[in-house]
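A.B. asks: with the input below, show me the fold.
(one chain, ligands or ions: 1)
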Amino acid sequence: MDHVVIIGNGVSGVTAARHIRKLSNKKITIISSETDFFFSRTALMYVYMGHMRFKDTQPYEPNFWKKNNILLKKAYVKTIDFARKTLALDTEESIAYDHLILAVGSVPNKFGWKGQDLAGVQGLYHYQDLERLNHATQRGIKRGVIVGGGLIGVELAEMLHSKGIDVSFLVREPSFWGKVLPTQESEMINREILKNGIDLRLGTELKEIVADYEGWVSKVITTTGEEIACEFVGLTVGVSPNIHFLKNTSLATARGILVNHFLECNQEDVYAIGDCAEFEDAIEGRRKIEQVWYTGRMMGEVVAKTICGNRTAYTPGHWFNSAKFFDIEYQTYGQVLANCREGEMDFYWEHKDGNKCVHIVFEKESKKFVGINTFGIRMRHHCFDQWLNEGRSVLHVLAHLKDANFDPEFYKKYESEIIDKFNRENGTDIKVKKKSWRRIIHSRLSN
Ligand SMILES: Cc1cc2nc3c(=O)[nH]c(=O)nc-3n(C[C@H](O)[C@H](O)[C@H](O)COP(=O)(O)OP(=O)(O)OC[C@H]3O[C@@H](n4cnc5c(N)ncnc54)[C@H](O)[C@@H]3O)c2cc1C
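C.D. replies: Numbering: from 1, shown residues only. Reported below is the predicted structural model:
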């Protein structure tokens, strides 16, 4: 019987296993060194804050695996012999495969700072990071310093803050996540971080981390020579594909494991999915490496089809993502970059309370809708996906925006304000369309 071996029990590996099981009776083994069972990495923060127990982050009961005839092996894969189709484990066992799926995820970045490996200094990615953070918290943290202004950095700031720990947040750029967010949104998040009592230090870089006499972190020194006393340092300067254990093999890698649009690697019967996969040629409108939950899930489904005989290309459609910055929810659909590209222009509306906004990008000439960011307002994915697929204009999107909105109260109050502003700035005469009941029913069914 064909043996499919999957390295990694995260969302991508587990989705692949579930779908292979739906489609076939192949033997399936998932190997992971992190935890016994699949859990939701995105919920680690809620476990730390006491909103959930760790076992609540596991989407499947422990007996799910036996019931579905999926073998789980807790071990670390030291190396892979692609010619012999075998894996060498740290348990000194060797496992043979017919198909191999690499779903090995990411590791937090470190940039060679002095003191980066001290006790009390860590990233936030694996379950073991949560354990180390809990240990540091119990030991006592008066001040934590977080280095790196991205999504995980702001989560870690919120986590420490929830325990009453003072937080200094060092962000190299002049504004939070300024390489990704347009200025207005980035400044809104600066304000939100400050409002929550975080000592946000923009334009500030880490130089060195210093230990106390026990070898535990005692302070950081910035590139301007400033010293910040602390008992914890969170390094949240992005993640990279976890490929170091594959470096001396014949597998083609760059920043990640190189794959074609079928998620196939340069070795026969070997595939890479999720955070660790890097497309040799980027798919239009997408990055070569995408380290988000839903793309791992989509890739898992696609690779399952291919392995089960229906060779299928990965076609993720339009980019979307969501996150939360303390109390502000963020959603993005299509392409809203920090700066508009040539031939594009934007429209920005902000609520007077300063914590809700709509930012739309469209083509200057054709007025074709390119993408939208919303902060503090929850929207429906399928509406924007449909409008992007249909190549709708910004005029259509604005006229129908209420179809996409989850919160009718918000639109009752502010829709005309948003549309008036657009009309004033662009010399248009968009009229608000009545909410389509067909769309409402469709949205309710699909959300
Ligand atoms: C704190 C945090 C919050 C996040 N929040 C969001 C969010 O809100 N929305 C979102 O879209 N994304 C979020 N992400 C990103 C998202 O969680 C990842 O994109 C996703 O989990 C990656 O899944 P994966 O299956 O590719 O890899 P992983 O989940 O990393 O799974 C890979 C597994 O393989 C194991 N492994 C690796 N090498 C070996 C080896 N040699 N031998 C054995 N086992 C090995 C690893 O230990 C790991 O368990 C967040 C990430 C973090 C860390």
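A.B. asks: which stretches of this protein have low pLDDT?
C.D. replies: Within the chain, the set of residues satisfying pLDDT under 70 comprises 433-447.
A.B. asks: where exactly do the strands run in the stretch 101-250 of the chain?
C.D. replies: Taking DSSP state E, counting those that start in this stretch, the strands of the stretch 101-250 of the chain run over residues 106-108, 121-122, 143-147, 166-171, 199-202, 206-211, 217-222, 227-229, 232-235, 239-241.
A.B. asks: list the contacts of the fourth one.
C.D. replies: What it means is strand 166-171. The list of residues contacting strand 166-171 from outside it, by C-beta atoms under 8 Å, 6 or more residues apart in numbering, reads 142-149, 153-154, 157, 160-161, 193, 198-206, 220, 222, 228, 230. Heads up, the C-betas are built off the backbone N, CA and C, glycines and all.
A.B. asks: one step back: do you know which of the strands of the stretch 101-250 of the chain lies nearest the ligand?
C.D. replies: For these, proximity to the ligand was assessed by C-beta to the nearest ligand atom; strand 106-108 is nearest, at 5.7 Å.
A.B. asks: show me what the closest one pairs with in its sheet, parallel or antiparallel.
C.D. replies: When pairing is defined by DSSP bridges, strand 106-108 lines up against strand 239-241 (antiparallel).
A.B. asks: in the partner strand, which residues are buried?
C.D. replies: In terms of neighbour count (16 or more other C-beta atoms under 10 Å), strand 239-241 has its buried residues at Val239, Ser240, Pro241.
A.B. asks: how about the residue of the stretch 251-400 of the chain found nearest the ligand: what's its closest non-neighbour residue?
C.D. replies: Nearest residue of the stretch 251-400 of the chain to the ligand: Gly274, at 2.3 Å (C-beta to the nearest ligand atom). Using C-beta to C-beta, 6 or more residues apart in numbering and skipping residues adjacent in sequence, the residue nearest Gly274 is Ser12, 2.9 Å away.
A.B. asks: which residues touch the spatially most central residue of the chain?
C.D. replies: The residue lying closest to the centre of the chain (C-alpha atoms, centre = their mean) is Val292, at 3.4 Å. When contacts are counted by C-beta under 8 Å, 6+ apart, Val292 is found next to Asn321.
A.B. asks: how close does the residue nearest to Gly274 sit to Val167?
C.D. replies: Taken as C-beta to C-beta, to the nearest Å, the spacing of Ser12 relative to Val167 amounts to 32 Å.
A.B. asks: go on, Lys207?
C.D. replies: Looking at Lys207 against Val167, where the rule is C-beta to C-beta, the gap reads 19 Å.
A.B. asks: which one's more surrounded, the two?
C.D. replies: Between Lys207 and Val167, counting by other C-beta atoms under 10 Å, Val167 is the more crowded of the two (24 against 14).
A.B. asks: report all helices and strands that the helix or strand that contains Trp65 contacts.
C.D. replies: Here Trp65, judged by DSSP states H and E, is contained in helix 64-67. When contacts are defined as 3 or more C-beta pairs under 8 Å, 6 or more residues apart in numbering; DSSP states H and E, helix 64-67 packs onto no helix or strand at all.
A.B. asks: got the CA positions of that helix in PDB?
C.D. replies: C-alpha atoms of helix 64-67 as PDB (Å, rounded to 0.1, in the frame of the first residue of the first chain):
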ATOM      1  CA  PHE A  64      -9.900  11.300  15.700                       C
ATOM      2  CA  TRP A  65      -6.500  10.100  14.400                       C
ATOM      3  CA  LYS A  66      -7.100   6.400  15.200                       C
ATOM      4  CA  LYS A  67     -10.600   6.600  13.800                       C
END
